[in-house]
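Visitor: Attaching a predicted model along with its sequence, questions to come.
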Amino acid sequence: MAILSNAVEMADAGSFSVSLGDQVLIKELNTSGGAVANMTFHHGASSVVLDDTYPFYKFVFSNMHPAGNAVFWLFQANAVDASGFNETITSSTFRAVNPENSSNGQVDYIASIDQAQGTGFQNICSDGDIKTDGDSCISGELLLFDPSNTTYIKHFMARTNHMVNNSQSSDNHIAGYFNTTAALDEFQFKFNSGNIDSGTIKLYGIKGAAN
Amino acid sequence: MGLISNGTTLLDAGAIDSGIAQGPMQLITTLTASSSANLSFTSGISSTYKEYVFKYLNLHAATDEAELNVNFSIDGGSNYNVAKTSSFFRAEHTGGGTESTAFEYRTGDELSNGTGTQKILRTFSTENDHSGSGTLTLYDPSNTTFVKHFTARGNVIQHANDTASAAFVGGYANTTSAINAVQFTFSSGNIDAGIIKMYGVL
């Protein structure tokens, strides 16, 4: 028998129905149904929450594997009621890279993928394209700060690691802001070319003092 | 009186029962060092979670200038020798009257398909109030199709001149076998004290 409080189911069948803890799993998108062109999280659609319910949101990507060759992992956003995934971004990007076949690593700022008031999709891997071998993929996370705020711009930080086409490990650090005071409620992830062959993205909400 | 649902105790004695998962980030194991040669997680790593987070808190070295390392196993901890390709860079600030800073890639601290340990924090001090702390994230270790990516970030007070040393490590375990054990060691001497917590993220 379920336990209800104020018409909300609190527990049933030996477990809590409501979220406990400060990090709440909101939505998982994956390729269990086959390859997809992109993965899009839109507030209000398919049980996605991306509003002022949480001050912080975290996307975690596991084993994103491209269908195409020599591609990059990207993301963008839409403001509420907007379309086109073309919000204005200013960002910085650096990465540490080291090959499998020799100790020849380095850490560098990557000017080719940062944006200065750009409206394109933001690269969140690096300038090294992702290898398409069967065991190659990219994993990591993106932290998003207060996307529903209508006073300030919206900061984000990402850290990912991937296998570069020439068999290097690339530890990627990307940070920036959406230069808009409009609330953002839709986020899309994709490769710059071809489908997402396989992979999982999980969206978490992280509670703040108001929660 | 406890609150029981379907034979499972949910609430008792004014608190949520310890067996009930509270949120997607779930504490699996806590290991506490006491002059330990290593801290090894040999159970609890499975396909239940796609992300594992290890938090090392106030690790204290028994030997001056020891460095904190990690390695992975595909045979339950019998051997820690998975090939890894990785990068390592650090930011450091030395105070105490010899003011200096450094930001550099550390060629000697990376691996290129090496099977030895991966350094995740540089030279520890043995002073009583010095320690190192940080986080290692391991993605989908049970996957048998892809390599296993990992990232680490931590900070340690180094041996020389109370230097604050932040380390950034990223890489992949270059195997399609499932990783089922993770071991932390110092490059020399024991882990004098400190704890490492392993979380699974649903």
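Guide: Arrived safely, thanks for sending.

Visitor: Now for A:D197: which residues touch it?
Guide: By C-beta atoms under 8 Å, 6 or more residues apart in numbering or on different chains, the contact list for A:D197 reads A:31, A:35, A:65-67. (Each C-beta comes from the backbone N, C-alpha and C, glycine too.)

Visitor: ranking the residues you listed by neighbours, who comes first?
Guide: Counting by other C-beta atoms under 10 Å in any protein chain shown, A:P66 has the largest number of neighbours within these, with 27 neighbours.

Visitor: one step back: so which of the contacts of A:D197 comes closest to B:N58?
Guide: Nearest to B:N58 among the contacts of A:D197: A:H65, at 38.2 Å, using C-beta to C-beta.

Visitor: Looking at strand pairing, list the partners for the closest one.
Guide: A:S198 (DSSP bridges).

Visitor: where does chain B dip in pLDDT?
Guide: Residue ranges of chain B with pLDDT under 70: B:1, B:14-15, B:18-22, B:160.

Visitor: tell me, how many neighbours does the nearest residue to A:D12 once chain neighbours are set aside end up with?
Guide: Of all residues not flanking A:D12 in the chain, A:A2 sits nearest, at 4.0 Å (C-beta to C-beta, 6 or more residues apart in numbering or on different chains). Look at A:A2: counted by other C-beta under 10 Å, it has 10 neighbours.

Visitor: Could you do the one 3 residues further on as well?
Guide: The tally of other residues near A:S5 (other C-beta under 10 Å) stands at 9.

Visitor: now do B:Q118
Guide: Other residues near B:Q118 number 24, with proximity taken as other C-beta under 10 Å.

Visitor: OK, contacts around it?
Guide: Counting by C-beta under 8 Å, 6+ apart, B:Q118 makes contact with B:69-71, B:84, B:86, B:111, B:169, B:171.

Visitor: ok, which of these also contact chain A?
Guide: B:86, B:111, B:169, B:171 (C-beta under 8 Å from any C-beta of the partner chain).

Visitor: Kindly indicate which of the contacts of B:Q118 lies nearest B:D192.
Guide: Nearest to B:D192, judged by C-beta to C-beta, of these is B:N69 at 15.5 Å.

Visitor: B:G95 touches B:Q158, doesn't it?
Guide: No. Applying C-beta atoms under 8 Å, one finds B:G95 not in contact with B:Q158, separated by 11.2 Å.

Visitor: So which of those two has more stuff around it?
Guide: Taking other C-beta under 10 Å, B:G95 and B:Q158 do not tie; B:Q158 has more neighbours (21 against 11).

Visitor: phi, psi of the more buried one?
Guide: The phi/psi pair for B:Q158 (degrees, to the nearest 10) reads phi -80, psi 160.

Visitor: For burial, what's the neighbour tally of residue 76?
Guide: Unless you meant another one, I'm taking chain A. A:Q76: 21 neighbours (other C-beta under 10 Å).

Visitor: Wait, chain B was what I had in mind.
Guide: The number of residues near B:G76, taken as other C-beta under 10 Å, comes to 11.

Visitor: OK, contacts around it?
Guide: Applying C-beta under 8 Å, 6+ apart to B:G76 gives the contacts B:42, B:180-181.

Visitor: Tell me how far it lies from B:A178.
Guide: 10 Å (C-beta to C-beta, to the nearest Å).

Visitor: and what of A:N86?
Guide: For A:N86, the distance to B:A178 (C-beta to C-beta) stands at 41 Å.

Visitor: Who are the contact partners of residue 132?
Guide: In the absence of a named chain, chain A is used. A:T132 sits next to A:65-71, A:165 when contact means C-beta under 8 Å, 6+ apart.

Visitor: ah, I was thinking of chain B
Guide: B:56, B:58-59, B:61, B:68, B:121, B:124, B:154-157.

Visitor: Not counting its neighbours along the chain, what's nearest it?
Guide: B:V156 (3.4 Å).

Visitor: hmm, back to that, same list, the contacts of B:Q118, but as TSV with secondary structure and distance to A:A11 please.
Guide: As requested, these are exported to TSV (DSSP: H, G, I helix; E, B strand; the rest coil; distance: C-beta to C-beta, whole Å):
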residue	secondary structure	distance to A:A11
B:N69	strand	44
B:V70	strand	39
B:N71	strand	41
B:K84	strand	43
B:S86	strand	44
B:L111	coil	47
B:V169	strand	41
B:G171	strand	42
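
Visitor: Can you add neighbour count and give those residues back as a markdown table?
Guide: Shown next, in a markdown table, are those (neighbours: other C-beta atoms under 10 Å in any protein chain shown):
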| residue | neighbour count |
| --- | --- |
| B:N69 | 18 |
| B:V70 | 24 |
| B:N71 | 21 |
| B:K84 | 27 |
| B:S86 | 28 |
| B:L111 | 24 |
| B:V169 | 29 |
| B:G171 | 27 |
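
Visitor: List the buried residues for stretch A:86-94?
Guide: A:87, A:89, A:91, A:93-94 (16 or more other C-beta atoms under 10 Å in any protein chain shown).

Visitor: do stretch A:95-114 as well
Guide: Result for stretch A:95-114 [16+ other C-beta under 10 Å]: buried residues A:95-100, A:105, A:107, A:110, A:113-114.

Visitor: before we move on, what about stretch A:46-61?
Guide: Buried residues in stretch A:46-61 (16+ other C-beta under 10 Å): A:48-51, A:53-61.

Visitor: Quick one: end-to-end length of stretch A:11-29, please.
Guide: End-to-end distance for stretch A:11-29, by C-alpha to C-alpha, to the nearest Å: 25 Å.
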